[in-house]
Structures are given as structure tokens and as C-alpha cells.
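Chemist: Generate coordinates for the sequence data below:
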Amino acid sequence: MRKNLKEARQKAGMTQQQMADKLNVGLRHYQKIEYGDTNGSFEIWDALEDILGLHQRKLRENSDNHHAPKESR
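Modeler: Down below sits the predicted model:
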């Protein structure tokens, strides 16, 4: 998951649907970008950088535990 992207979107007070609309992409496509399942185009990352005010290098970071199973106690 791209935690920084999700947090920046939420901090901006936007839903995933609102972000998808701003980017002129479908909701599912945006969700895949935010979840780290697809990269997205350079144009999308440039737009995200402008919309959210964070460098795309920071927004693109994936957390390591995206698909990791939860540890049992």
C-alpha cells in the first residue's frame, strides 16, 4: 500500500472517488494506484504531486507489509 499517498489524500479531505475524478480516471484504477497494485502514468503522478503538494517520490513509496500476513500473538 502507498501509505503516504493515502494519508495525503485523506489530509486533503478527498475520497478516492473525488481523486479519481480529478485525475480523470476510473475509481478502480485510482484504487490500484493507491494500493500499490499498479504504477500509473507519469502524467498521473505529476497531477498527484500538484494536487497534494508532495513530491511524487514520497507519494510513490510502498509500505513493505502490503500483502504480509498479520502476526499472531
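Chemist: Pull out the buried positions in the helix or strand of the chain with the lowest mean pLDDT.
Modeler: Here the helix or strand of the chain ranked lowest by mean pLDDT, DSSP states H and E is helix 56-60, holding a mean of 94. Using 16 or more other CB atoms under 10 Å as the burial criterion, the residues of helix 56-60 that qualify are 56, 59-60. To be clear about C-beta, it is placed using only N, CA and C from the backbone, and glycine gets the same treatment.
Chemist: Tell me the helices and strands packed up against it.
Modeler: helix 3-11, helix 42-52 (3 or more CB pairs under 8 Å, 6 or more residues apart in numbering; DSSP states H and E).
Chemist: Now do that helix: distance to the chain's middle.
Modeler: 9 Å (CA atoms, centre = their mean, to the nearest Å).
Chemist: Using PDB, write out every CA atom in it.
Modeler: The C-alpha coordinates for helix 56-60 follow below in PDB (Å, rounded to 0.1, in the frame of the first residue of the first chain):
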ATOM      1  CA  GLN A  56       5.800  12.100  -6.100                       C
ATOM      2  CA  ARG A  57       8.900  10.200  -4.900                       C
ATOM      3  CA  LYS A  58       7.400  10.400  -1.400                       C
ATOM      4  CA  LEU A  59       3.900   9.600  -2.700                       C
ATOM      5  CA  ARG A  60       5.100   6.500  -4.600                       C
END
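Chemist: residues in contact with it?
Modeler: Here helix 56-60 makes contact (CB atoms under 8 Å, 6 or more residues apart in numbering) with 2, 4-5, 8, 45-46, 48-49, 52.
Chemist: Spell out the secondary structure type for the spatially most central residue of the chain.
Modeler: Central residue of the chain (CA atoms, centre = their mean): residue 34, 2.8 Å from the mean position. Following DSSP: H, G, I helix; E, B strand; the rest coil, residue 34 is assigned to helix.
Chemist: What pLDDT is listed against residue 5?
Modeler: At residue 5, the model reports a pLDDT of 97.
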